[in-house]
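Asks: here is my input, please return the structure:
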Amino acid sequence: MIRNEHQRHLSAPLADVGGLIDTLAAPKDRLWPVEHWPAMRFDGPLAVGARGGHGPIRYSIEDYRPGLSIRFRFEAPAGFHGFHEYVAVPLTDRETVLRHSLVMRTTGAARLSWPLLYRPLHDALIEDSLDTAGRSLGLPPARPYRWSRRVRARQEAVPERTRGRPPAGGYAATAHRPDGVL
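Replies: Predicted coordinates for the structure are as follows:
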């Protein structure tokens, strides 16, 4: 079983942080890093049953609690069995944690494609998303996430029309994370 979590402590009330979740796939999305990555799109408004995804990743909305959380059930790529979600967790009246969790098992070719291809890109995308969340709330990260060489090479190999631009501040040669992920 794969469990991959990223979170950001934000000095903002639950309503403000949870409100970011409600903008996913909207024209003025304040959570998804559309400037760097394929946009998240759905076949309708955010609601249970809506289908969509980003790039080659397809999913349907399994659970949605406006201002609190959203869970997506994987439909593709083949071999991804599980979900990913954003959850806003209040700590105090003015402090909230925004957490992204991916929980799945892989089968077939996904047993190799997840660790070799998808995980580095996923980790970079979600860290960029959490940086976007902070900036949207007027709380820019003190140390913005930097893409690893592996992610940079992958992004440069993708046609420009389907990929985003480098994160603000450029690229770093290695991941810029205190916990050593990536």
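
Asks: what mean pLDDT does stretch 150-160 get?
Replies: Taken as a whole, stretch 150-160 has an average pLDDT of 79.

Asks: buried residues, it. List them.
Replies: Within stretch 150-160, the residues that qualify as buried are Arg150, Val151, Arg152, Arg154, Gln155, counting by 16 or more other CB atoms under 10 Å. All C-beta spots, glycine's among them, are computed from the backbone N, C-alpha and C.

Asks: and stretch 36-50, end to end?
Replies: The first and final residues of stretch 36-50 sit 24 Å from each other (CA to CA, to the nearest Å).

Asks: what do you get for stretch 3-23?
Replies: The distance separating the two terminal residues of stretch 3-23, taken as CA to CA, comes to 25 Å.

Asks: got the buried residues for it?
Replies: Taking 16+ other CB under 10 Å as the basis for neighbour counts, the residues of stretch 3-23 that come out buried are 4, 6, 8, 10, 12-14, 16-22.

Asks: what do you get for stretch 47-54?
Replies: Ala50, Gly52, Gly53, His54.

Asks: which stretches of the protein have low pLDDT?
Replies: 159-182 (pLDDT under 70).

Asks: for it, which helix is longest?
Replies: Longest helix of the chain, by residue count under DSSP state H: helix 119-136.

Asks: neighbouring contacts of it?
Replies: Helix 119-136 is touched from outside by 4, 6-8, 10, 17, 20, 30-33, 36-37, 98, 100, 102, 140-141, 144-145, 147-148, 150-151, 154, 167, 177, 181-182, with contacts defined as CB atoms under 8 Å, 6 or more residues apart in numbering.
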